[in-house]
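In: Got a sequence here, can you build the structure:
(2 chains)
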Amino acid sequence: MAINERGAAIAKGLTLAAGLLLASTASAHHGWAWATEDAFEITGDITAVALGNPHGELTLDVAGEAWVIEVGQPWRNQRAGLTEGLLGEGTSVTVQGHRSADPEERRVKAVAVVIDGEEYVLYQGR
Amino acid sequence: MDLLAAIESSSLASALRHSVWVYPLINALHIAGVALLVGAIVPLDLRLLGVWREQPATVLADVLLPVAVTGLALAMLAGVLLFSVRATAYADNPWFLVKMAVVSVAVVNVLLLRSGAAWHRWRAGNDRYSPPALRIAAAVSLLAWFAALLLGRLVGYFG
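Out: Purely as a prediction, here's the structure:
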């Protein structure tokens, strides 16, 4: 009897722990939790491009410093019209989005990308 | 380093990197593997630690171990594919490296457990109580697999 009660208590504890773990990872999902809430804009020249899963990354040279721009996963980039052909090395790009909450980290989550006056919106209504 | 670059530029990795549906499918298979593994190993470890003593050890072991092994195989297979997409970045990611170390500890732990006489005696004898060596292995297993799961999430979060 006591063994059953203990088993039930442990099972309950495990369920709770699993729930908490799920809740914490759910809020961290979609890669926004690490960025600030404030709107951020930065312009630089492309030095490297890696579109693709799990999400694409552009590296920009901004006044001699390398900034990493997180763009979308393939379907999101496709929907926005952001293709590799637009992102040649040396192309000047303005990124609107949210920068990392860590001031030491030069990383931006892009909401929209502007190239040559044309806006490519990754996240509508953000 | 060259090997990592070669993995990353393989046609399979490249196809996965640019796929819209296959990558999330592989992702889901990785999660399914982890779910089967952890879901099966937790009740078996708890039985070794003294919960559900009235349940027969032989039945639990013979059902739960193959499920856990299948889950691990699925997670590893899907994991290798996910790794290939960003091999150089993951190989440079401290969370990923710690995760691989923890998974190695968990795998060595279960291999040692299964190769020892204590396990076979316990399983065959349907014993209510397990010897200390098996309890230690069960505790290591619980901690290591949960740690691996958490570290896996952190790779995606801080990667």
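In: which residue ranges form the helices in chain A?
Out: A:2-28, A:74-80 (DSSP state H).
In: do the same with chain B
Out: Under DSSP H, chain B gives helices at B:2-8, B:11-18, B:22-49, B:57-85, B:87-91, B:94-115, B:117-125, B:132-158.
In: Same list, those, but as CSV with mean neighbour count, mean pLDDT and distance to chain A please.
Out: Using the backbone N, CA and C atoms, a C-beta is placed for each residue, glycine as well. Shown next, in CSV, are those (neighbours: other C-beta atoms under 10 Å in any protein chain shown; pLDDT from 0 to 100; distance: least, C-beta to the nearest C-beta, whole Å):
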stretch, mean neighbour count, mean pLDDT, distance to chain A
helix B:2-8, 13, 93, 10
helix B:11-18, 15, 94, 3
helix B:22-49, 18, 97, 4
helix B:57-85, 17, 97, 6
helix B:87-91, 17, 94, 9
helix B:94-115, 16, 96, 13
helix B:117-125, 15, 92, 17
helix B:132-158, 18, 94, 5
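In: Please identify which of those is closest to residue A:32.
Out: Residue A:32 lies closest, by C-beta to C-beta, to one member of the helices of chain B: helix B:132-158, at 10.9 Å.
In: For chain B, what's the nearest residue on chain A?
Out: Closest contact between chain A and chain B, by C-beta to the nearest C-beta, is at residue A:52 (3.5 Å).
In: what's the spacing between the spatially closest residue to that residue that is not a sequence neighbour and residue B:150?
Out: Ranked by C-beta to C-beta, 6 or more residues apart in numbering or on different chains and with sequence neighbours excluded, the top spatial neighbour of residue A:52 is residue B:17, at 3.5 Å. Distance of residue B:17 to residue B:150, computed by C-beta to C-beta, to the nearest Å: 26 Å.
In: How about residue B:157?
Out: From residue B:157 to residue B:150 the distance is 10 Å (C-beta to C-beta).
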